[in-house]
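J.: Here you go, sequence then predicted model.
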Amino acid sequence: VNFAGFSHLSAYFFVRFPPISGGGRRAVRTCINLHFASTIQQPDMSKRRGRPKKLVEEDDFLTKPTVIDSDDSDEDSPPRKRTKPAKPAKQKSRKSNGSVAAPASQAAPGAVLFDQDRVRQLVRQHPDKHWALSGHPDGLILINDQHPLQVERTIEHPGVVYEMRWSPDYNILATCSSLGTVRLWDASTWQMVAEIRDKQETNIDEFFVVCWGETGQLLFAAGRLKDRKQWSDETDDNVPLPCPIKVFGTDGKLLGKFEGHQREITCLKRISFDGSPYLVSCSEDGTIIKWHLQADSCSLIDSTTCEQGDWERVFTIAFVPHCGNKYFVAGCDAKIVLFDFESGKVLQSFASQFSFLCDTLKFVMPMGQKVNSDNPEMLLVSKGVELTKDDEVLFPNKCCLHILKWPTTKNGEWHLTTVHQFNDEGYHANGWPLKLSVNPSGRYVLGPTDDGKVYIWTLWSRKIVGILDGMDNFEIRDILFHPFRKQLCIASEESKVWVFSEGSDQQPLDTKATSNNQPLDPEANLESQSGANSEPQSGANPESQLVTADDGQASTTSNSADDGQASTTSQIGDE
């Protein structure tokens, strides 16, 4: 982003902000002191922020949410300002009052935007397996006073814990950290079973992303590689080097490296396309690379870089469900860009609701539903980062709910509509990556923060049902549900993973999640009476239940619940 300003010295001149360095990975609350007359700034990622440690007090982990009157939003109110890292000041937020106008999209000239015959062939012969896992009745379906959360335990992983991933059989949790290690944890005992690192690496490894091989015998890890002997005064950190993807066995042995990215790797997915295994990675160098794997997944057949656009960085990718992995969306700077995986071409780009970058994209698919020409809509949730100016974040932090609709005619365009913004006056999440999550039933959106809290909204009614607090005062990096156990893992930058459970037999580390004896989710009682896991009627599409009322508010209807609330279970894509 280019900005113009005048120097306080003798001459006027234009200034180009240098690219944000890889020396740090979170937005800080102090701006660069360059004495410009008036500038709008990208969050400064080049310095690491220190935070005082907040002691865990003997209070509820799930606190009563702040009551917000959605009718008093002031579009002309000044942006919020944070005064203390330990306790962010309240923001005067410009809240969304229902549906948001669909952002403008741009289609690639001459591109085939949707190949229906090819999609049908792929879905029939090679369905996308990561959508096969449906919401399980033993998972965390409801979170309320009758189904409280409590801390089962915490596990320690030195460094900033950036990402967590379940093994293919969901018995082992892998965590990766900024100290270049991957730790494996038994999900039954929460004992560490292995620590993996590249013992032959002479430079400085930092792992931001991790994923498992198909059989659970391999792990892929990547992030940032820095020169141990060279220092950069500009970034106040070691000089970054081109970063490889490293392949490890679960015994810790390094089995291979895939080289191609010139900067930090921000997202890593393993998929199957047309019967062949692939890795897909994206990076702060602005590239997305398809890695075509050999059968052993330790070596490559080839690698291909997807088409690049006018963006500088790519932060996240998510594959469109029920398309045989032919299409995916990516967060490219502040855009949401649609790609054809098979050709690597850009098909369309959409403006997101974020002013700086989009760092999380996740699809939510209701259980038993198929996307087809009669039912072409999919739910997509996103989170991003906003620009700052003079210690102020210019726009309220938020998570967004979108509907992505694929074309119903040959060469028709895709449509992305933002139907709601989840936000709150106390919601501060201007660091990255801070990854949102959705529970296995598809009922709740969990928004991470940079001050040790997790906000919980209902997906259908879009109300705040609670705030997980007490996890010190550090950034929440990742949130991960177990698909068929009542377990929730939350990773923070303070070397910890908090494991929450419902009704654990073990002594909790803190009190149970309650809210003054009031149901946190008043819909839950009605839903539990009619069956929390009842499937939608055949042919019904819960996405289409997101209708617009006369007052412009997005509302819900249901085919099965007498109270008019949606009662569904869903599949969560976590490739």
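T.: Arrived safely. Small disclaimer: the values here were computed from a predicted structure and weren't measured.
J.: what about the strands in the stretch 301-450 of the chain?
T.: 314-319, 327-332, 335-340, 345-351, 357-366, 377-385, 388-389, 392-393, 399-405, 415-422, 437-438, 444-448 (DSSP state E, counting those that start in this stretch).
J.: Using JSON lines, lay out the ones you listed together with distance to residue 206 and mean neighbour count.
T.: Quick note: C-beta positions are derived from backbone N, CA and C, even for glycine. As requested, these are arranged in JSON lines below (distance: least, CB to CB, whole Å; neighbours: other CB atoms under 10 Å):
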{"stretch": "strand 314-319", "distance to residue 206": "16", "mean neighbour count": "25"}
{"stretch": "strand 327-332", "distance to residue 206": "21", "mean neighbour count": "26"}
{"stretch": "strand 335-340", "distance to residue 206": "26", "mean neighbour count": "25"}
{"stretch": "strand 345-351", "distance to residue 206": "30", "mean neighbour count": "19"}
{"stretch": "strand 357-366", "distance to residue 206": "17", "mean neighbour count": "24"}
{"stretch": "strand 377-385", "distance to residue 206": "20", "mean neighbour count": "25"}
{"stretch": "strand 388-389", "distance to residue 206": "24", "mean neighbour count": "20"}
{"stretch": "strand 392-393", "distance to residue 206": "26", "mean neighbour count": "20"}
{"stretch": "strand 399-405", "distance to residue 206": "26", "mean neighbour count": "23"}
{"stretch": "strand 415-422", "distance to residue 206": "30", "mean neighbour count": "21"}
{"stretch": "strand 437-438", "distance to residue 206": "23", "mean neighbour count": "22"}
{"stretch": "strand 444-448", "distance to residue 206": "20", "mean neighbour count": "25"}
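J.: And those strands: which comes nearest residue 300?
T.: strand 314-319 (19.1 Å; CB to CB).
J.: For residue 334, give its distance to residue 311.
T.: 9 Å (CB to CB, to the nearest Å).
J.: what do you get for residue 415?
T.: 21 Å.
J.: For stretch 179-194, which residues meet the burial criterion?
T.: 179, 180, 181, 182, 183, 184, 185, 187, 190, 194 (16 or more other CB atoms under 10 Å).
J.: Dump the C-alpha coordinates for that stretch into PDB.
T.: Provided in PDB are the C-alpha atoms of stretch 179-194 (Å, rounded to 0.1, in the frame of the first residue of the first chain):
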ATOM      1  CA  LEU A 179      10.900 -22.300  18.200                       C
ATOM      2  CA  GLY A 180      10.900 -24.700  15.300                       C
ATOM      3  CA  THR A 181       9.400 -27.700  17.100                       C
ATOM      4  CA  VAL A 182       6.300 -29.900  16.600                       C
ATOM      5  CA  ARG A 183       5.000 -31.700  19.600                       C
ATOM      6  CA  LEU A 184       2.600 -34.700  19.500                       C
ATOM      7  CA  TRP A 185       0.100 -35.200  22.300                       C
ATOM      8  CA  ASP A 186      -2.000 -38.200  23.200                       C
ATOM      9  CA  ALA A 187      -5.600 -36.900  23.300                       C
ATOM     10  CA  SER A 188      -6.600 -39.400  26.000                       C
ATOM     11  CA  THR A 189      -3.900 -38.700  28.600                       C
ATOM     12  CA  TRP A 190      -2.500 -35.400  27.200                       C
ATOM     13  CA  GLN A 191       1.000 -36.700  27.600                       C
ATOM     14  CA  MET A 192       3.600 -35.600  25.100                       C
ATOM     15  CA  VAL A 193       4.500 -38.600  22.900                       C
ATOM     16  CA  ALA A 194       7.100 -37.000  20.700                       C
END
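J.: who touches it?
T.: With contact meaning CB atoms under 8 Å, 6 or more residues apart in numbering, stretch 179-194 is reached by 152-153, 155, 157-159, 166, 170-177, 195-198, 201, 204-207, 210, 219, 221, 223, 248, 250-252, 482, 485, 487, 499.
J.: List the ones among those residues that fall in helices.
T.: In helices, defined here by DSSP state H, there are no members of those.
J.: Pull out the buried residues from those residues.
T.: Using 16+ other CB under 10 Å, the buried members of the contacts of stretch 179-194 are 152-153, 155, 157, 159, 166, 172-177, 196-198, 204-207, 210, 219, 221, 223, 248, 250, 482, 485, 487, 499.
J.: The lengthiest strand in the chain - contacts with which helices or strands?
T.: Using DSSP state E to define each element, the chain has its longest strand at strand 218-232. Secondary-structure packing of strand 218-232 (3 or more CB pairs under 8 Å, 6 or more residues apart in numbering; DSSP states H and E): strand 172-177, strand 204-212, strand 237-241, strand 243-249, strand 265-273.
J.: For the residue nearest to residue 259 when sequence neighbours are not counted, give me its contacts.
T.: Nearest non-adjacent residue to residue 259, counting by CB to CB, 6 or more residues apart in numbering: residue 244, 4.6 Å away. Counting by CB under 8 Å, 6+ apart, residue 244 makes contact with 222, 225, 257, 258, 259, 260, 261.
J.: again with residue 223
T.: Per CB under 8 Å, 6+ apart, neighbours of residue 223: 162, 176, 178, 180, 205, 206, 207, 208, 209, 243, 264, 265.
J.: now residue 386
T.: For residue 386, the contact set (CB under 8 Å, 6+ apart) comprises 43, 354, 355, 356, 393, 394, 395, 396, 397, 430.
J.: before we move on, what about residue 332?
T.: 286, 309, 311, 313, 314, 315, 349, 358.
J.: burial measure for the fourth one, as a count.
T.: Number of residues near residue 313 (other CB atoms under 10 Å) recorded here: 20.
J.: Surely it touches residue 286?
T.: Yes: at 5.8 Å, residue 313 and residue 286 qualify as touching, with contact defined as CB atoms under 8 Å.
J.: In the sheet, which residues pair with residue 478? Tell me.
T.: For residue 478, the beta-bridge partners are residue 491 (DSSP bridges).
J.: wait, doesn't it sit right on residue 160?
T.: No: taking contacts as CB under 8 Å, residue 478 lies outside contact range of residue 160: 10.4 Å.
J.: Quick check: bridge partners of residue 268?
T.: Beta-bridge partners, per DSSP bridges, of residue 268: residue 281.
J.: Just name the shakiest helix or strand of the protein by mean pLDDT.
T.: strand 547-548 (a mean of 28; mean pLDDT, DSSP states H and E).
J.: Over to residue 122: give its phi and psi.
T.: Residue 122 has phi and psi values of phi -70, psi -40 when expressed as degrees, to the nearest 10.
J.: What count of nearby residues applies to the residue nearest to it when sequence neighbours are not counted?
T.: Nearest non-adjacent residue to residue 122, counting by CB to CB, 6+ apart: residue 324, 2.5 Å away. When neighbours are defined as other CB under 10 Å, residue 324 has 24 of them.
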